[in-house]
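A.B. asks: missing the sequence, but the structure's below:
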(Lines give C-alpha, C1' and ligand atoms only; values in the text may rest on other atoms or scores of the structure.)
Protein backbone atom coordinates (compact mmCIF):
# COMPACT_ATOMS: atom_id res chain seq x y z
CA UNK A 1 0.00 0.00 0.00
CA UNK A 2 1.13 3.56 -0.70
CA UNK A 3 0.74 5.00 2.81
CA UNK A 4 1.63 8.49 1.68
CA UNK A 5 -1.28 8.25 -0.75
CA UNK A 6 -3.50 7.09 2.11
CA UNK A 7 -2.59 10.28 4.01
CA UNK A 8 -3.38 12.40 0.94
CA UNK A 9 -6.73 10.68 0.41
CA UNK A 10 -7.57 11.21 4.09
CA UNK A 11 -6.92 14.95 3.77
CA UNK A 12 -8.52 15.38 0.33
CA UNK A 13 -12.20 15.70 1.42
CA UNK A 14 -11.29 18.49 3.85
CA UNK A 15 -9.30 20.38 1.17
CA UNK A 16 -11.39 19.57 -1.89
CA UNK A 17 -11.91 23.26 -2.81
CA UNK A 18 -8.25 24.29 -2.65
CA UNK A 19 -5.99 21.31 -3.42
CA UNK A 20 -6.21 18.14 -5.47
CA UNK A 21 -5.20 14.81 -3.95
CA UNK A 22 -2.04 14.89 -6.10
CA UNK A 23 -1.13 18.38 -4.86
CA UNK A 24 -1.65 17.24 -1.28
CA UNK A 25 0.49 14.16 -1.97
CA UNK A 26 3.39 16.35 -3.16
CA UNK A 27 3.30 18.43 0.03
CA UNK A 28 3.38 15.53 2.49
CA UNK A 29 6.68 15.14 4.35
CA UNK A 30 8.45 12.36 6.28
CA UNK A 31 9.57 13.56 9.75
CA UNK A 32 13.14 12.57 10.58
CA UNK A 33 12.12 11.96 14.18
CA UNK A 34 9.71 9.00 14.53
CA UNK A 35 8.28 10.62 17.67
CA UNK A 36 6.78 13.30 15.41
CA UNK A 37 4.88 10.80 13.31
CA UNK A 38 5.42 8.83 10.14
CA UNK A 39 3.99 11.43 7.76
CA UNK A 40 3.34 15.14 8.22
CA UNK A 41 1.26 17.70 6.35
CA UNK A 42 2.62 21.28 6.59
CA UNK A 43 -0.38 23.58 7.07
CA UNK A 44 1.62 26.80 6.58
CA UNK A 45 1.36 26.20 2.82
CA UNK A 46 -2.34 27.04 3.18
CA UNK A 47 -1.97 30.18 5.31
CA UNK A 48 -2.50 32.60 2.40
CA UNK A 49 -5.50 30.68 1.09
CA UNK A 50 -7.38 30.41 4.38
CA UNK A 51 -5.98 33.63 5.86
CA UNK A 52 -5.46 31.84 9.19
CA UNK A 53 -2.50 30.92 11.35
CA UNK A 54 -0.99 27.57 10.25
CA UNK A 55 -1.51 26.15 13.75
CA UNK A 56 -5.25 26.87 13.49
CA UNK A 57 -5.45 25.36 9.99
CA UNK A 58 -3.78 22.15 11.27
CA UNK A 59 -6.21 22.03 14.20
CA UNK A 60 -9.23 22.56 11.91
CA UNK A 61 -8.07 19.77 9.58
CA UNK A 62 -7.65 17.40 12.52
CA UNK A 63 -11.33 17.99 13.38
CA UNK A 64 -12.58 17.41 9.84
CA UNK A 65 -10.73 14.27 8.69
CA UNK A 66 -11.53 10.60 9.32
CA UNK A 67 -8.42 9.34 11.16
CA UNK A 68 -9.68 5.79 11.73
CA UNK A 69 -7.06 4.22 9.43
CA UNK A 70 -4.22 5.56 11.57
CA UNK A 71 -2.92 4.79 15.02
CA UNK A 72 -3.37 8.48 15.80
CA UNK A 73 -3.23 11.95 14.19
CA UNK A 74 -1.77 14.85 16.19
CA UNK A 75 -1.42 18.60 15.72
CA UNK A 76 2.14 19.85 16.33
CA UNK A 77 2.37 23.57 15.62
CA UNK A 78 1.83 24.12 11.87
CA UNK A 79 1.99 20.38 11.17
CA UNK A 80 -0.63 17.67 11.15
CA UNK A 81 1.25 14.48 12.05
CA UNK A 82 0.03 11.02 11.06
CA UNK A 83 1.06 7.90 12.99
CA UNK A 84 0.61 4.60 11.15
CA UNK A 85 -0.95 1.50 12.65
CA UNK A 86 2.36 -0.23 13.49
CA UNK A 87 1.01 -3.77 13.68
CA UNK A 88 -0.80 -3.61 10.33
CA UNK A 89 2.08 -1.80 8.64
CA UNK A 90 4.73 -4.25 9.88
CA UNK A 91 2.63 -7.24 8.83
CA UNK A 92 2.22 -5.84 5.31
CA UNK A 93 5.89 -4.87 4.79
CA UNK A 94 7.35 -8.08 6.22
CA UNK A 95 4.84 -10.11 4.25
CA UNK A 96 5.89 -8.36 1.03
CA UNK A 97 9.61 -8.92 1.62
CA UNK A 98 9.26 -12.55 2.67
CA UNK A 99 6.89 -13.41 -0.16
CA UNK A 100 8.90 -11.66 -2.88
CA UNK A 101 12.40 -12.40 -1.56
CA UNK A 102 15.14 -10.94 -3.77
CA UNK A 103 12.43 -9.62 -6.13
CA UNK A 104 11.24 -7.18 -3.45
CA UNK A 105 11.56 -3.69 -4.94
CA UNK A 106 11.53 -5.00 -8.51
CA UNK A 107 9.40 -2.99 -10.92
CA UNK A 108 8.76 -3.06 -14.67
CA UNK A 109 8.96 0.68 -15.32
CA UNK A 110 11.49 0.12 -18.10
CA UNK A 111 9.28 -2.32 -20.06
CA UNK A 112 12.35 -4.30 -21.10
CA UNK A 113 13.90 -1.38 -22.99
CA UNK A 114 17.55 -1.71 -24.08
CA UNK A 115 20.03 0.66 -22.42
CA UNK A 116 23.62 0.62 -23.72
CA UNK A 117 26.06 1.80 -21.02
CA UNK A 118 29.44 3.09 -22.18
CA UNK A 119 31.68 2.36 -19.18
CA UNK A 120 35.17 1.51 -17.94
CA UNK A 121 36.85 1.95 -21.37
CA UNK A 122 40.56 1.52 -20.56
CA UNK A 123 43.24 2.12 -23.16
CA UNK A 124 44.90 -0.92 -24.69
CA UNK A 125 48.52 -1.47 -23.64
CA UNK A 126 48.03 0.58 -20.50
CA UNK A 127 47.19 -0.81 -17.08
CA UNK A 128 43.83 -0.53 -15.38
CA UNK A 129 44.69 1.98 -12.68
CA UNK A 130 42.70 3.38 -9.79
CA UNK A 131 41.62 6.05 -12.27
CA UNK A 132 39.40 3.45 -14.03
CA UNK A 133 37.67 2.30 -10.85
CA UNK A 134 34.88 4.88 -10.80
CA UNK A 135 33.59 4.43 -14.36
CA UNK A 136 33.69 0.66 -13.91
CA UNK A 137 31.85 0.33 -10.58
CA UNK A 138 29.42 3.23 -11.15
CA UNK A 139 28.49 1.83 -14.57
CA UNK A 140 28.14 -1.71 -13.21
CA UNK A 141 25.87 -0.57 -10.37
CA UNK A 142 23.71 1.53 -12.68
CA UNK A 143 23.30 -1.57 -14.88
CA UNK A 144 21.98 -3.53 -11.89
CA UNK A 145 19.69 -0.67 -10.88
CA UNK A 146 18.37 -0.53 -14.45
CA UNK A 147 17.53 -4.24 -14.30
CA UNK A 148 15.75 -3.71 -10.99
CA UNK A 149 13.66 -1.06 -12.76
CA UNK A 150 12.72 -3.34 -15.64
CA UNK A 151 15.29 -2.28 -18.26
CA UNK A 152 17.77 -4.44 -20.17
CA UNK A 153 21.25 -2.91 -19.72
CA UNK A 154 23.97 -3.56 -22.31
CA UNK A 155 27.37 -2.98 -20.70
CA UNK A 156 29.75 -1.78 -23.41
CA UNK A 157 33.45 -1.61 -22.62
CA UNK A 158 34.34 0.93 -25.32
CA UNK A 159 38.07 0.14 -25.42
CA UNK A 160 40.63 2.77 -26.33
CA UNK A 161 42.22 0.56 -28.98
CA UNK A 162 42.97 3.09 -31.73
CA UNK A 163 44.72 6.41 -32.17
CA UNK A 164 48.11 8.07 -32.43
CA UNK A 165 49.22 6.55 -29.12
CA UNK A 166 49.65 3.25 -30.95
CA UNK A 167 52.11 4.89 -33.30
CA UNK A 168 54.06 6.00 -30.21
CA UNK A 169 53.86 2.55 -28.66
CA UNK A 170 54.99 0.75 -31.82
CA UNK A 171 57.88 3.21 -32.17
CA UNK A 172 58.89 2.70 -28.52
CA UNK A 173 58.65 -1.09 -28.73
CA UNK A 174 60.76 -1.29 -31.89
CA UNK A 175 63.43 0.99 -30.34
CA UNK A 176 63.64 -0.29 -26.77
CA UNK A 177 61.49 -3.38 -26.38
CA UNK A 178 61.91 -7.08 -26.87
CA UNK A 179 59.40 -9.85 -27.45
CA UNK A 180 60.47 -12.00 -24.50
CA UNK A 181 59.83 -9.23 -21.95
CA UNK A 182 56.43 -8.37 -23.39
CA UNK A 183 55.34 -12.02 -23.37
CA UNK A 184 56.44 -12.31 -19.73
CA UNK A 185 54.65 -9.21 -18.41
CA UNK A 186 52.96 -7.35 -21.27
CA UNK A 187 51.25 -4.43 -19.55
CA UNK A 188 54.18 -3.59 -17.28
CA UNK A 189 56.70 -3.45 -20.12
CA UNK A 190 54.40 -1.70 -22.59
CA UNK A 191 53.77 1.03 -20.04
CA UNK A 192 57.51 1.39 -19.46
CA UNK A 193 58.01 1.88 -23.21
CA UNK A 194 55.17 4.41 -23.38
CA UNK A 195 56.50 6.44 -20.44
CA UNK A 196 60.04 6.32 -21.89
CA UNK A 197 58.73 7.62 -25.22
CA UNK A 198 57.30 10.73 -23.53
CA UNK A 199 60.53 11.34 -21.65
CA UNK A 200 62.69 10.90 -24.74
CA UNK A 201 60.58 13.00 -27.11
CA UNK A 202 61.30 16.11 -25.01
CA UNK A 203 64.90 15.99 -26.27
CA UNK A 204 64.13 14.16 -29.53
CA UNK A 205 60.97 15.63 -31.12
CA UNK A 206 61.66 13.60 -34.26
CA UNK A 207 60.20 10.63 -32.34
CA UNK A 208 56.76 12.19 -32.80
CA UNK A 209 57.27 12.12 -36.58
CA UNK A 210 58.15 8.42 -36.43
CA UNK A 211 55.11 7.73 -34.29
CA UNK A 212 52.82 9.50 -36.77
CA UNK A 213 54.32 7.43 -39.60
CA UNK A 214 53.68 4.18 -37.76
CA UNK A 215 50.10 5.11 -36.98
CA UNK A 216 49.58 6.00 -40.66
CA UNK A 217 50.92 2.54 -41.53
CA UNK A 218 48.48 1.00 -39.06
CA UNK A 219 45.59 2.93 -40.63
CA UNK A 220 46.71 1.80 -44.08
CA UNK A 221 46.75 -1.88 -43.06
CA UNK A 222 50.54 -2.41 -42.89
CA UNK A 223 51.07 -6.04 -41.83
CA UNK A 224 53.78 -5.44 -39.20
CA UNK A 225 51.90 -2.52 -37.64
CA UNK A 226 48.64 -4.46 -37.54
CA UNK A 227 50.25 -7.57 -36.03
CA UNK A 228 51.85 -5.52 -33.25
CA UNK A 229 48.58 -3.67 -32.59
CA UNK A 230 46.59 -6.92 -32.48
CA UNK A 231 49.15 -8.50 -30.13
CA UNK A 232 49.08 -5.51 -27.77
CA UNK A 233 45.25 -5.65 -27.75
CA UNK A 234 44.98 -9.39 -27.05
CA UNK A 235 47.51 -9.31 -24.21
CA UNK A 236 45.84 -6.25 -22.69
CA UNK A 237 42.39 -7.87 -22.69
CA UNK A 238 43.73 -10.90 -20.82
CA UNK A 239 45.13 -8.62 -18.12
CA UNK A 240 41.97 -6.50 -18.02
CA UNK A 241 39.64 -9.49 -17.64
CA UNK A 242 41.62 -10.85 -14.70
CA UNK A 243 40.88 -7.57 -12.87
CA UNK A 244 37.24 -7.46 -13.96
CA UNK A 245 36.81 -11.01 -12.65
CA UNK A 246 38.18 -9.90 -9.29
CA UNK A 247 35.69 -7.00 -9.24
CA UNK A 248 32.84 -9.29 -10.34
CA UNK A 249 32.14 -7.12 -13.40
CA UNK A 250 31.14 -8.62 -16.74
CA UNK A 251 30.53 -6.89 -20.08
CA UNK A 252 28.17 -7.58 -22.96
CA UNK A 253 30.47 -6.15 -25.62
CA UNK A 254 34.03 -4.95 -26.05
CA UNK A 255 33.51 -2.92 -29.23
CA UNK A 256 36.43 -0.49 -29.06
CA UNK A 257 37.32 2.51 -31.16
CA UNK A 258 38.83 0.33 -33.90
CA UNK A 259 35.45 -1.37 -34.42
CA UNK A 260 34.02 1.90 -35.72
CA UNK A 261 36.78 2.70 -38.23
CA UNK A 262 34.73 1.51 -41.20
CA UNK A 263 31.55 3.15 -39.91
CA UNK A 264 32.67 6.77 -39.83
CA UNK A 265 32.45 7.55 -43.55
CA UNK A 266 28.72 6.79 -43.61
CA UNK A 267 28.26 9.25 -40.75
CA UNK A 268 30.30 11.93 -42.52
CA UNK A 269 28.27 11.37 -45.68
CA UNK A 270 25.01 11.69 -43.71
CA UNK A 271 26.17 14.95 -42.12
CA UNK A 272 26.99 16.28 -45.59
CA UNK A 273 23.69 15.10 -47.08
CA UNK A 274 21.75 16.84 -44.32
CA UNK A 275 23.68 20.06 -44.86
CA UNK A 276 25.11 19.99 -41.35
CA UNK A 277 28.83 20.04 -42.22
CA UNK A 278 30.26 23.52 -42.71
CA UNK A 279 33.81 24.50 -43.64
CA UNK A 280 35.74 26.52 -41.06
CA UNK A 281 39.42 27.38 -41.68
CA UNK A 282 39.74 24.28 -43.84
CA UNK A 283 38.15 21.98 -41.23
CA UNK A 284 34.61 20.54 -41.24
CA UNK A 285 32.34 21.52 -38.33
CA UNK A 286 28.69 21.34 -37.25
CA UNK A 287 27.36 24.69 -36.10
CA UNK A 288 25.74 24.49 -32.66
CA UNK A 289 24.91 28.15 -32.04
CA UNK A 290 21.29 27.39 -31.26
CA UNK A 291 22.43 25.18 -28.38
CA UNK A 292 24.78 27.91 -27.09
CA UNK A 293 27.71 25.61 -27.83
CA UNK A 294 30.90 26.00 -29.83
CA UNK A 295 30.96 24.35 -33.27
CA UNK A 296 31.68 20.62 -33.13
CA UNK A 297 34.88 19.84 -35.05
CA UNK A 298 34.16 16.70 -37.10
CA UNK A 299 37.12 16.57 -39.50
CA UNK A 300 40.46 18.35 -39.23
CA UNK A 301 41.77 20.39 -42.13
CA UNK A 302 43.87 17.38 -43.24
CA UNK A 303 40.74 15.19 -43.30
CA UNK A 304 41.59 13.34 -40.09
CA UNK A 305 38.71 12.25 -37.85
CA UNK A 306 38.35 13.03 -34.15
CA UNK A 307 36.88 11.36 -31.07
CA UNK A 308 33.48 12.92 -31.78
CA UNK A 309 33.46 11.50 -35.33
CA UNK A 310 33.86 8.03 -33.88
CA UNK A 311 31.36 8.65 -31.08
CA UNK A 312 28.72 9.78 -33.59
CA UNK A 313 29.31 6.53 -35.51
CA UNK A 314 29.06 4.62 -32.21
CA UNK A 315 25.73 6.25 -31.32
CA UNK A 316 24.32 5.52 -34.79
CA UNK A 317 25.45 1.88 -34.52
CA UNK A 318 23.82 1.53 -31.09
CA UNK A 319 20.63 3.12 -32.42
CA UNK A 320 20.42 0.66 -35.31
CA UNK A 321 21.48 -2.37 -33.25
CA UNK A 322 19.68 -1.86 -29.93
CA UNK A 323 16.95 0.77 -30.57
CA UNK A 324 17.78 2.06 -27.09
CA UNK A 325 15.34 3.42 -24.53
CA UNK A 326 18.32 5.37 -23.18
CA UNK A 327 21.97 5.74 -24.12
CA UNK A 328 24.29 6.17 -21.13
CA UNK A 329 27.92 7.30 -20.97
CA UNK A 330 29.65 6.85 -17.60
CA UNK A 331 32.57 9.21 -18.18
CA UNK A 332 34.38 11.71 -15.92
CA UNK A 333 32.97 15.19 -15.31
CA UNK A 334 35.77 16.86 -17.29
CA UNK A 335 33.96 15.68 -20.45
CA UNK A 336 30.62 17.38 -19.69
CA UNK A 337 30.93 20.01 -22.42
CA UNK A 338 32.00 17.40 -24.97
CA UNK A 339 28.88 15.30 -24.34
CA UNK A 340 26.66 18.36 -24.69
CA UNK A 341 28.18 18.82 -28.15
CA UNK A 342 27.77 15.14 -29.02
CA UNK A 343 24.11 15.15 -27.98
CA UNK A 344 23.47 18.35 -29.94
CA UNK A 345 25.03 16.92 -33.14
CA UNK A 346 23.00 13.70 -32.81
CA UNK A 347 19.86 15.77 -32.24
CA UNK A 348 20.58 17.77 -35.41
CA UNK A 349 20.99 14.49 -37.27
CA UNK A 350 17.54 13.40 -36.07
CA UNK A 351 18.79 10.31 -34.21
CA UNK A 352 15.72 9.04 -32.28
CA UNK A 353 17.65 8.15 -29.11
CA UNK A 354 19.48 11.51 -28.93
CA UNK A 355 16.87 12.95 -26.58
CA UNK A 356 17.56 10.12 -24.13
CA UNK A 357 21.34 10.31 -24.30
CA UNK A 358 22.69 10.91 -20.81
CA UNK A 359 26.23 11.67 -19.80
CA UNK A 360 26.70 10.33 -16.26
CA UNK A 361 29.68 12.32 -14.96
CA UNK A 362 31.65 11.69 -11.80
CA UNK A 363 34.37 13.38 -9.78
CA UNK A 364 38.07 12.55 -9.69
CA UNK A 365 39.67 9.86 -7.58
CA UNK A 366 42.94 11.03 -6.05
CA UNK A 367 45.50 9.44 -3.76
CA UNK A 368 46.98 11.76 -1.14
CA UNK A 369 45.40 14.62 -3.06
CA UNK A 370 47.28 13.87 -6.31
CA UNK A 371 45.67 13.08 -9.63
CA UNK A 372 46.79 9.85 -11.30
CA UNK A 373 48.54 9.91 -14.68
CA UNK A 374 49.91 7.18 -16.96
CA UNK A 375 51.98 9.62 -19.03
CA UNK A 376 53.93 10.92 -16.03
CA UNK A 377 54.41 7.41 -14.69
CA UNK A 378 52.37 8.17 -11.54
CA UNK A 379 50.18 5.06 -11.67
CA UNK A 380 48.48 3.17 -8.85
CA UNK A 381 47.45 -0.18 -10.24
CA UNK A 382 43.89 -1.26 -9.43
CA UNK A 383 44.94 -4.93 -9.34
CA UNK A 384 47.52 -4.23 -6.65
CA UNK A 385 45.04 -2.20 -4.58
CA UNK A 386 42.49 -5.05 -4.77
CA UNK A 387 45.16 -7.52 -3.62
CA UNK A 388 46.13 -5.22 -0.74
CA UNK A 389 42.48 -4.97 0.32
CA UNK A 390 42.05 -8.76 0.26
CA UNK A 391 45.25 -9.20 2.30
CA UNK A 392 44.08 -6.65 4.89
CA UNK A 393 40.72 -8.42 5.12
CA UNK A 394 42.50 -11.75 5.64
CA UNK A 395 44.43 -10.28 8.58
CA UNK A 396 41.25 -8.89 10.14
CA UNK A 397 39.49 -12.26 9.80
CA UNK A 398 42.51 -14.08 11.28
CA UNK A 399 42.37 -11.76 14.30
CA UNK A 400 38.58 -11.74 14.82
CA UNK A 401 37.38 -15.14 13.58
CA UNK A 402 40.30 -17.50 12.84
CA UNK A 403 38.03 -20.57 12.61
CA UNK A 404 35.82 -19.03 9.89
CA UNK A 405 35.06 -21.42 7.04
CA UNK A 406 35.99 -20.28 3.53
CA UNK A 407 38.29 -17.58 4.96
CA UNK A 408 39.91 -16.76 1.62
CA UNK A 409 36.59 -16.40 -0.17
CA UNK A 410 35.19 -14.16 2.57
CA UNK A 411 38.39 -12.06 2.58
CA UNK A 412 37.95 -11.45 -1.15
CA UNK A 413 34.27 -10.55 -0.69
CA UNK A 414 35.11 -8.13 2.13
CA UNK A 415 38.27 -6.62 0.60
CA UNK A 416 36.91 -6.08 -2.90
CA UNK A 417 33.50 -5.10 -1.53
CA UNK A 418 35.09 -2.45 0.69
CA UNK A 419 36.68 -0.74 -2.32
CA UNK A 420 33.50 -0.81 -4.41
CA UNK A 421 31.29 0.35 -1.54
CA UNK A 422 33.83 2.99 -0.53
CA UNK A 423 33.47 4.52 -3.99
CA UNK A 424 29.71 4.18 -4.41
CA UNK A 425 28.68 5.55 -1.02
CA UNK A 426 29.83 8.96 -2.29
CA UNK A 427 27.58 11.00 -4.54
CA UNK A 428 29.20 10.41 -7.90
CA UNK A 429 29.94 14.07 -8.66
CA UNK A 430 32.04 14.33 -5.50
CA UNK A 431 35.76 13.70 -5.84
CA UNK A 432 37.27 10.99 -3.65
CA UNK A 433 40.66 10.89 -1.97
CA UNK A 434 41.24 7.14 -1.66
CA UNK A 435 42.08 5.67 1.76
CA UNK A 436 42.07 1.87 1.91
CA UNK A 437 42.38 1.62 5.70
CA UNK A 438 39.26 3.76 6.20
CA UNK A 439 37.23 1.76 3.67
CA UNK A 440 38.09 -1.56 5.34
CA UNK A 441 36.93 -0.60 8.82
CA UNK A 442 34.11 -2.67 10.30
CA UNK A 443 32.74 0.42 12.04
CA UNK A 444 31.30 3.51 10.41
CA UNK A 445 29.74 3.94 6.99
CA UNK A 446 31.68 1.22 5.18
CA UNK A 447 31.04 -1.86 3.08
CA UNK A 448 32.29 -4.24 5.81
CA UNK A 449 29.88 -2.61 8.29
CA UNK A 450 26.89 -3.36 6.04
CA UNK A 451 28.21 -6.84 5.22
CA UNK A 452 28.62 -7.56 8.93
CA UNK A 453 25.03 -6.49 9.63
CA UNK A 454 23.90 -9.00 7.00
CA UNK A 455 26.14 -11.73 8.47
CA UNK A 456 24.75 -10.95 11.96
CA UNK A 457 21.20 -11.40 10.65
CA UNK A 458 22.18 -14.71 9.06
CA UNK A 459 23.74 -15.85 12.35
CA UNK A 460 20.45 -15.16 14.17
CA UNK A 461 18.55 -17.09 11.51
CA UNK A 462 20.83 -20.09 11.96
CA UNK A 463 20.17 -20.04 15.71
CA UNK A 464 16.43 -19.82 15.05
CA UNK A 465 16.34 -22.44 12.32
CA UNK A 466 13.56 -24.30 14.14
CA UNK A 467 11.23 -21.27 13.98
CA UNK A 468 8.61 -21.28 11.25
CA UNK A 469 8.86 -17.82 9.70
CA UNK A 470 5.41 -16.37 8.97
CA UNK A 471 4.88 -14.67 5.60
CA UNK A 472 1.59 -13.15 6.72
CA UNK A 473 0.37 -11.39 9.84
CA UNK A 474 3.89 -10.91 11.27
CA UNK A 475 2.90 -8.17 13.68
CA UNK A 476 5.52 -6.62 15.96
CA UNK A 477 4.65 -4.41 18.91
CA UNK A 478 8.32 -3.80 19.84
CA UNK A 479 8.85 -0.01 19.35
CA UNK A 480 12.58 -0.60 18.72
CA UNK A 481 11.67 -2.42 15.49
CA UNK A 482 9.79 0.50 13.97
CA UNK A 483 12.71 2.33 12.31
CA UNK A 484 13.88 -0.94 10.74
CA UNK A 485 10.42 -1.77 9.39
CA UNK A 486 10.07 1.72 7.91
CA UNK A 487 13.51 1.39 6.33
CA UNK A 488 12.44 -1.90 4.73
CA UNK A 489 9.32 -0.17 3.40
CA UNK A 490 11.45 2.52 1.73
CA UNK A 491 13.50 0.12 -0.42
CA UNK A 492 11.21 0.05 -3.52
CA UNK A 493 11.10 3.87 -3.67
CA UNK A 494 14.88 4.03 -3.21
CA UNK A 495 15.34 1.76 -6.23
CA UNK A 496 13.24 4.12 -8.35
CA UNK A 497 14.95 7.29 -7.08
CA UNK A 498 18.44 5.84 -7.62
CA UNK A 499 17.69 5.41 -11.32
CA UNK A 500 16.09 8.85 -11.72
CA UNK A 501 19.38 10.50 -10.80
CA UNK A 502 21.68 7.64 -11.93
CA UNK A 503 22.95 7.71 -8.36
CA UNK A 504 24.20 4.42 -6.82
CA UNK A 505 25.00 6.33 -3.62
CA UNK A 506 21.23 6.36 -2.93
CA UNK A 507 21.39 2.57 -2.59
CA UNK A 508 24.63 2.64 -0.57
CA UNK A 509 23.28 5.24 1.86
CA UNK A 510 20.05 3.28 2.16
CA UNK A 511 21.97 0.09 3.03
CA UNK A 512 23.89 1.99 5.75
CA UNK A 513 20.62 3.31 7.18
CA UNK A 514 19.04 -0.17 7.21
CA UNK A 515 22.16 -1.71 8.76
CA UNK A 516 22.27 0.98 11.47
CA UNK A 517 18.60 0.62 12.36
CA UNK A 518 18.92 -3.17 12.49
CA UNK A 519 22.03 -3.05 14.67
CA UNK A 520 20.20 -0.71 17.05
CA UNK A 521 17.25 -3.10 17.12
CA UNK A 522 19.60 -6.04 17.74
CA UNK A 523 21.26 -4.20 20.63
CA UNK A 524 18.00 -3.29 22.40
CA UNK A 525 15.77 -6.30 21.78
CA UNK A 526 15.79 -9.93 22.85
CA UNK A 527 15.14 -11.29 19.39
CA UNK A 528 15.47 -14.96 20.37
CA UNK A 529 13.31 -14.72 23.50
CA UNK A 530 10.65 -17.44 23.52
CA UNK A 531 7.37 -15.55 23.46
CA UNK A 532 4.41 -15.03 21.14
CA UNK A 533 6.19 -12.48 18.95
CA UNK A 534 9.35 -14.52 18.33
CA UNK A 535 8.23 -15.71 14.84
CA UNK A 536 7.46 -12.11 13.85
CA UNK A 537 10.89 -10.95 15.09
CA UNK A 538 12.58 -13.71 13.10
CA UNK A 539 10.52 -12.61 10.08
CA UNK A 540 11.95 -9.13 10.56
CA UNK A 541 15.52 -10.48 10.75
CA UNK A 542 15.01 -12.54 7.58
CA UNK A 543 13.58 -9.50 5.81
CA UNK A 544 16.58 -7.39 6.82
CA UNK A 545 18.99 -10.08 5.59
CA UNK A 546 17.14 -10.28 2.25
CA UNK A 547 17.07 -6.53 1.62
CA UNK A 548 20.67 -5.90 2.78
CA UNK A 549 21.90 -8.62 0.44
CA UNK A 550 19.87 -7.22 -2.45
CA UNK A 551 21.07 -3.66 -1.72
CA UNK A 552 24.69 -4.80 -1.79
CA UNK A 553 24.07 -6.77 -4.98
CA UNK A 554 22.79 -3.63 -6.70
CA UNK A 555 26.15 -2.04 -5.85
CA UNK A 556 28.14 -5.02 -7.14
CA UNK A 557 29.13 -6.09 -3.61
CA UNK A 558 28.77 -9.62 -2.26
CA UNK A 559 27.18 -10.41 1.11
CA UNK A 560 28.92 -13.22 3.06
CA UNK A 561 26.70 -15.24 5.41
CA UNK A 562 29.53 -15.43 7.96
CA UNK A 563 32.35 -13.02 8.74
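C.D. replies: Done, it's in. Since we're looking at a predicted model, the values are computed, not measured.

A.B. asks: give me the number of residues near residue 394?
C.D. replies: Counted with other Cβ atoms under 10 Å, the neighbours of residue 394 add up to 17. For every residue, glycine as well, the C-beta is placed using N, CA and C.

A.B. asks: Helices along the stretch 251-400 of the chain, start to end?
C.D. replies: 264-273, 307-322, 336-349, 382-400 (DSSP state H, counting those that start in this stretch).

A.B. asks: Same list, those, but as a markdown table with mean pLDDT and distance to residue 422 please.
C.D. replies: Formatted as a markdown table, the helices of the stretch 251-400 of the chain follow (pLDDT from 0 to 100; distance: least, Cβ to Cβ, whole Å):
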| stretch | mean pLDDT | distance to residue 422 |
| --- | --- | --- |
| helix 264-273 | 96 | 39 |
| helix 307-322 | 97 | 31 |
| helix 336-349 | 98 | 24 |
| helix 382-400 | 95 | 9 |
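
A.B. asks: now those helices as CSV including distance to residue 420?
C.D. replies: Output for the helices of the stretch 251-400 of the chain, formatted as CSV (distance: least, Cβ to Cβ, whole Å):
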stretch, distance to residue 420
helix 264-273, 36
helix 307-322, 27
helix 336-349, 24
helix 382-400, 10
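
A.B. asks: So which of these is nearest residue 128?
C.D. replies: Nearest to residue 128, of all the helices of the stretch 251-400 of the chain, is helix 382-400, at 4.8 Å by Cβ to Cβ.

A.B. asks: Now do whichever helix or strand comes after the closest one against helix 382-400, angle only.
C.D. replies: For helix 382-400, the following helix or strand on the C-terminal side (DSSP states H and E) is helix 407-424. Here helix 407-424 runs at an angle of 120 degrees relative to helix 382-400 (axes from the mean of the first three to the mean of the last three Cα atoms, to 10 degrees).

A.B. asks: For helix 407-424, name the packing helices and strands.
C.D. replies: With contacts taken as 3 or more Cβ pairs under 8 Å, 6 or more residues apart in numbering; DSSP states H and E, helix 407-424 sits against helix 133-148, helix 223-247, helix 382-400, helix 436-439, helix 447-463, helix 505-524, helix 534-555.

A.B. asks: Report the angle between that helix and helix 447-463.
C.D. replies: Using the same axes, to 10 degrees: helix 407-424 against helix 447-463 is 130 degrees.

A.B. asks: Now do the buried residues in helix 407-424.
C.D. replies: By 16 or more other Cβ atoms under 10 Å, the buried positions in helix 407-424 come out as 407, 410-424.

A.B. asks: Likewise for stretch 497-507?
C.D. replies: Result for stretch 497-507 [16+ other Cβ under 10 Å]: buried residues 498-499, 502-507.

A.B. asks: Any idea how many residues pack against residue 268?
C.D. replies: Using other Cβ under 10 Å, residue 268 has 18 neighbouring residues.

A.B. asks: Please apply the same query to residue 334.
C.D. replies: 10.

A.B. asks: any idea how far residue 139 is from it?
C.D. replies: According to Cβ to Cβ, to the nearest Å, residue 334 and residue 139 sit 17 Å apart.

A.B. asks: quick one: low-confidence ranges for this protein?
C.D. replies: 372-378 (pLDDT under 70).

A.B. asks: contacts for the helix or strand hosting residue 23?
C.D. replies: Using DSSP H and E, residue 23 maps to helix 21-27. Residues outside helix 21-27 that contact it (Cβ atoms under 8 Å, 6 or more residues apart in numbering): 4-5, 8-9, 11-12, 15, 19, 41-42, 45.

A.B. asks: again, only this time at 6 Å
C.D. replies: Identification of contacts with helix 21-27 by Cβ atoms under 6 Å, 6 or more residues apart in numbering yields 8, 11-12, 45.

A.B. asks: In those, find the pair that's most separated.
C.D. replies: Based on Cβ to Cβ, the longest span within those runs between 12 and 45 and measures 14.9 Å.

A.B. asks: ok but residue 429 is inside a strand, no?
C.D. replies: No - secondary structure of residue 429 (DSSP: H, G, I helix; E, B strand; the rest coil): coil, not part of a strand.

A.B. asks: No further questions, thank you.
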